[in-house]
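**Q** Give the three-dimensional model of this entry:
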Amino acid sequence: MTPSIASSLGAPARILPAFDRMSPARQVLALILGTAFLALASHVQVPMFPVPMTMQTFAVTLIGALYGSRLGTLTVLAWLGEAMVGLPMLAGGTAGLATFAGPTAGYLFSFPLAAFLVGWLVERGFANRMLPAFVVMCLGNALSLATGAAWLASLVGMEKAWLLGVAPFVLGGLLKSALGASSLSLAGRAASAFRRR
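**A** Next up is the predicted model:
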């Protein structure tokens, strides 16, 4: 049994059952819904150059928290795979292999890692209250920023990478982390209410 989120979040840490306890049909359905959610979040954006601000990290960390480290990571990888083959899944409807070599590639490659990290921490009870849940979401966002900035620095240098790829996104990352923790709480409460019926 996975650890539980404390009563302040009001639900088990895993909204879905563990990956290895799900039927194949349910795994596929969860993956499809997750990739659709990630795609929708990618299209909510504030245009910025060279890296647009989107709701992607919010969706990635929430998928990790709700799905767990294994299914969360697989879902994010499937979403990126859909983008690689040309489906308009990323910010601004972008897609294709060239996207994975451009200035945003580091952020894209960080997303499965962020989903895994958040899922792993939630599975082990680190999101046991609202504040720890917020911290867990912040760690996922920070991992994405650090990985993305490292890649961007290889293209434009460290100073520009900080100015263009990190500093403008810190406040947004904090807000998305707060929204992620709140969403996890709401999802947990809804799941608990459903199970009591």
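
**Q** And G165, how far from G102?
**A** Distance of G165 to G102, computed by C-beta to C-beta, to the nearest Å: 12 Å. C-betas here are computed from N, CA, C, even on glycine.

**Q** And for Q45?
**A** Where G102 is concerned, Q45 sits at a distance of 16 Å (C-beta to C-beta).

**Q** G165 and G102: who's more crowded?
**A** G165 (25 against 15; other C-beta atoms under 10 Å).

**Q** Return the distance of that one relative to V28.
**A** In terms of C-beta to C-beta, G165 sits 35 Å off from V28.

**Q** cool, R189 as well?
**A** Using C-beta to C-beta, R189 is found at 27 Å from V28.

**Q** same check, this time on G148
**A** The gap separating G148 from V28 is 30 Å, by C-beta to C-beta.

**Q** Of those two, which one has the most company?
**A** Neighbour tally, G148 and V28, criterion other C-beta under 10 Å: the higher count belongs to G148, 25 against 12.

**Q** show me the contacts for the residue nearest to the more buried one when sequence neighbours are not counted.
**A** Excluding the flanking residues, the one nearest G148 by C-beta to C-beta, 6 or more residues apart in numbering is Y107, at 3.5 Å. Residues near Y107 by C-beta atoms under 8 Å, 6 or more residues apart in numbering: 51, 56, 144-145, 147-148, 151.

**Q** now those residues as JSON lines including secondary structure?
**A** Listed next are the contacts of Y107 as JSON lines, based on DSSP: H, G, I helix; E, B strand; the rest coil:
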{"residue": "V51", "secondary structure": "coil"}
{"residue": "Q56", "secondary structure": "helix"}
{"residue": "S144", "secondary structure": "helix"}
{"residue": "L145", "secondary structure": "helix"}
{"residue": "T147", "secondary structure": "helix"}
{"residue": "G148", "secondary structure": "helix"}
{"residue": "W151", "secondary structure": "helix"}
